[in-house]
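*Asks:* Can you look at this prediction? I've put the sequence above it.
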Amino acid sequence: MNPTRRALLGGTAGLLLLAACGDGTDDGSGAGASGGSTAVLRISAIPDQDPEQLNRLYGLVADAVADATGLEVSYEAVTDYTAVVRAFEVGDIHLAWMGGLTGVQARSRVEGARAIAQRDIDADFHSLFIATAASGLEPFDDTEGLTALRGHSLTFGSDTSTSGRLMPQYFMEQAGLDVADLRGAPGFSGSHDATIEAVASGSFEVGAVNEQVWRATVDAGEVDLSDVVVLWRTPGYADYHWLARPDLDETFGAGTTDAIARMLFGLDPADPDDAAVLDLFGATSFVPTENENYDQIEAVAKDLGLLA
């Protein structure tokens with residue numbers, strides 16, 4: 001599914017559309033190229049959940065960005081985390097919902113890329129370690145409790161997931177637990193949904209998962225809590241955010257980046273359409289952010305050799 005939407009609006013949005021059509025950047029090679037005379041603003045996101053859920057969510061986001069800018073906006077689904085970083089790097093995607101690690105990776109490849117917004121929950125985000133009840137593992141209260149995982153099988157999410165791999169592995173190392181201490185090599189499920197399924201089914205005894213996805217799964221009644229227990233909630237760290245390419249305004253007209261940011265900050269949970277977007281993001285609002293908020297993620301990624 002590749003939904004493309006356009007909103008023809010007056011005022012500022014209309015000026016942005018004229019700027020996008022008249023700047024001569026539609027050269028068929030990346031940003032702004034659509035095969036015609038109108039530049040298409042392409043958005044994407046790391047595939048951290050079920051694709052059907054993501055198509056629904058980012059279809060709504062594409063609508064909202066189109067309304068805010070007057071541009072034609074397309075959501076481009078990708079198959080894995082690496083693909084969205086690469087697409088952002090070469091200019092096939094202009095705006096992307098990144099995790100902490102993928103955002104740092106993308107900024108290391110695109111000088112001037114800028115984090116512009118995050119959810120209210122992203123400044124203090126958390127991972128969970130969950131386990132199948134059959135493992136016999138019991139909840140614990142601090143980082144040192146992770147040593148109890150020694151000798152058990154464990155799956156991460158994507159290998160470049162911040163909440164599903166990077167920070168869980170960081171806290172494991174803080175506890176003195178190396179991945180070599182686990183039973184067999186760690187798995188990489190590919191997404192948080194898949195991690196929960198792998199633990200619930202008993203394919204792995206332990207999983208590291210995004211807390212927001214876990215809560216949504218529990219609220220939806222999609223996991224049997226008699227089969228899966230939460231062992232530990234990690235300390236907080238900065239995670240997901242919207243990342244804009246530095247040429248966004250040059251390609252689509254001055255003010256495009258600010259118009260998108262204002263749209264995100266203005267989402268109102270009292271408005272049914274806005275509430276639908278916020279609910280799918282698991283948030284009550286979007287707030288400003290900046291690149292420096294992910295310095296800890298960058299340092300951990302360098303230590304673990306995950307910042308190519």
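*Replies:* The structure has been received and is ready for your questions.
*Asks:* can you list contacts of stretch 134-143?
*Replies:* Contacts with stretch 134-143, where a contact means Cβ atoms under 8 Å, 6 or more residues apart in numbering, come from 131, 146, 148-149, 152, 171, 174-175, 202, 205-206, 227, 229-232, 235. In short, each C-beta sits where N, CA and C put it, glycine included.
*Asks:* run the last query once more with 7 Å
*Replies:* 131, 148, 152, 171, 174-175, 202, 205-206, 229-232 (Cβ atoms under 7 Å, 6 or more residues apart in numbering).
*Asks:* OK, contacts around G236?
*Replies:* Shown in contact with G236 (Cβ under 7 Å, 6+ apart): 124-126.
*Asks:* how about a cut-off of 10 Å?
*Replies:* 121-127, 167, 211 (Cβ atoms under 10 Å, 6 or more residues apart in numbering).
*Asks:* Among these, which are located in helices?
*Replies:* Members of those lying in helices (criterion: DSSP state H): 167, 211.
*Asks:* E76: which of the contacts of G236 is nearest?
*Replies:* Checking these against E76 by Cβ to Cβ gives D122 as the nearest, at 22.3 Å.
*Asks:* For that closest one, the count of nearby residues, please.
*Replies:* 23 (other Cβ atoms under 10 Å).
*Asks:* Grab the longest helix from the chain for me.
*Replies:* If you go by DSSP H, the chain has its longest helix at helix 51-69.
*Asks:* Which strands and helices lie in contact with that helix?
*Replies:* Counting contacts by 3 or more Cβ pairs under 10 Å, 6 or more residues apart in numbering; DSSP states H and E, helix 51-69 is packed against strand 4-6, helix 11-22, strand 40-45, strand 72-75, strand 95-98, helix 256-265, helix 272-281.
*Asks:* How about it, which residues are buried there?
*Replies:* Neighbour counts over helix 51-69 (16 or more other Cβ atoms under 10 Å) mark 54, 57-69 as buried.
*Asks:* what residue ranges in this protein score low on pLDDT?
*Replies:* Applying pLDDT under 70 to the chain flags the ranges 1-38, 308.
*Asks:* Okay, strands next: where are they in the stretch 51-200 of the chain?
*Replies:* Here the stretch 51-200 of the chain has its strands, by DSSP state E, counting those that start in this stretch, at 72-75, 95-98, 114-119, 127-132, 154-156, 187-188.
*Asks:* And the helices in the stretch 101-250 of the chain?
*Replies:* 167-174, 192-200, 211-219, 248-252 (DSSP state H, counting those that start in this stretch).
*Asks:* For the last one, buried residues please.
*Replies:* Spelled out, it's helix 248-252. 248-249, 251-252.
*Asks:* Kindly spell out which helices and strands sit in contact with that helix.
*Replies:* The contact analysis (3+ Cβ pairs under 10 Å, 6+ apart) places helix 248-252 against helix 11-22, strand 40-45, helix 256-265.
*Asks:* run the last query once more with 6 Å
*Replies:* Packing partners of helix 248-252 (3 or more Cβ pairs under 6 Å, 6 or more residues apart in numbering; DSSP states H and E): helix 256-265.
*Asks:* who's in contact with the helix it packs on?
*Replies:* With Cβ atoms under 6 Å, 6 or more residues apart in numbering as the test, helix 256-265 has contacts from 16, 64-65, 68-69, 116-117, 244, 248-249, 286.
*Asks:* For those residues, could you give me TSV that also reports distance to V40?
*Replies:* Shown next, in TSV, are those (distance: Cβ to Cβ, whole Å):
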residue	distance to V40
L16	13
A64	16
V65	11
A68	15
T69	12
I116	20
A117	21
A244	16
L248	13
D249	16
F286	23
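*Asks:* Can you tell me which of those is nearest A216?
*Replies:* Closest approach to A216 among the contacts of helix 256-265 (Cβ to Cβ): F286, at 17.7 Å.
*Asks:* Bridged to that closest one, which residues?
*Replies:* F286 has the following beta-bridge partners by DSSP bridges: R119.
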